[in-house]
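Colleague: Next comes the sequence, and after it the predicted model I'd like to discuss.
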Amino acid sequence: MRFCAQHHLAEEISLVQPQAICFLGKTNATAAAESVFRRKVNDKPVRGEIPDAVGSKKWRGWVVTTVQPVRGTKQGPNSERTIRTIEQLRDRLAGAL
């Protein structure tokens, strides 16, 4: 997943130009996000960017990873954790407007 994300997902993100991206799946999706953005990505929204071949910014926006909402852990239902993370992302987007 990490290899494919680095080679294909980065290009797709650049084409679609979303304002923000939320990766669902803490284990594999976090590794994929970190391979694309070459920085730590977790459940706190951070600015991410994908440079083009000459160094200018191809894409810039907010990035976050969180758990899959359909599962649960000792910490409780994942849906609640996912909602909190997405709300933080929404708040960051609202502050950027």
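Modeller: Done, it's in.

Colleague: quick one, strands of the protein?
Modeller: Along the chain, counting by DSSP state E, strands occupy 20-24, 46-51, 57-66, 72-73, 76-77.

Colleague: Out of those strands, flag the one nearest Cys4.
Modeller: strand 20-24 (13.4 Å; Cβ to Cβ). The way it works is simple: take the backbone N, C-alpha and C, and place the C-beta from them, glycine included.

Colleague: about what we covered before: mean pLDDT for the strands of the chain: which is lowest?
Modeller: Looking at the strands of the chain, the lowest mean pLDDT belongs to strand 72-73 (a mean of 66).

Colleague: how about the strands of the chain in TSV, adding distance to Lys40?
Modeller: Listed next are the strands of the chain as TSV, based on distance: least, Cβ to Cβ, whole Å:
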stretch	distance to Lys40
strand 20-24	13
strand 46-51	8
strand 57-66	10
strand 72-73	21
strand 76-77	24
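
Colleague: out of the ones you listed, which comes closest to Ala10?
Modeller: strand 46-51 (5.1 Å).

Colleague: which residues are in contact with that closest one?
Modeller: Residues from elsewhere that reach strand 46-51 (Cβ atoms under 8 Å, 6 or more residues apart in numbering): 10, 13-14, 21, 33, 36-37, 39-41, 57-64.

Colleague: List only those of those residues flagged as buried.
Modeller: 10, 13, 21, 33, 36-37, 41, 58-59, 61-64 (16 or more other Cβ atoms under 10 Å).

Colleague: Widest-spaced pair of these?
Modeller: Farthest-apart pair in these is Lys58 and Val64; separation 19.6 Å (Cβ to Cβ).
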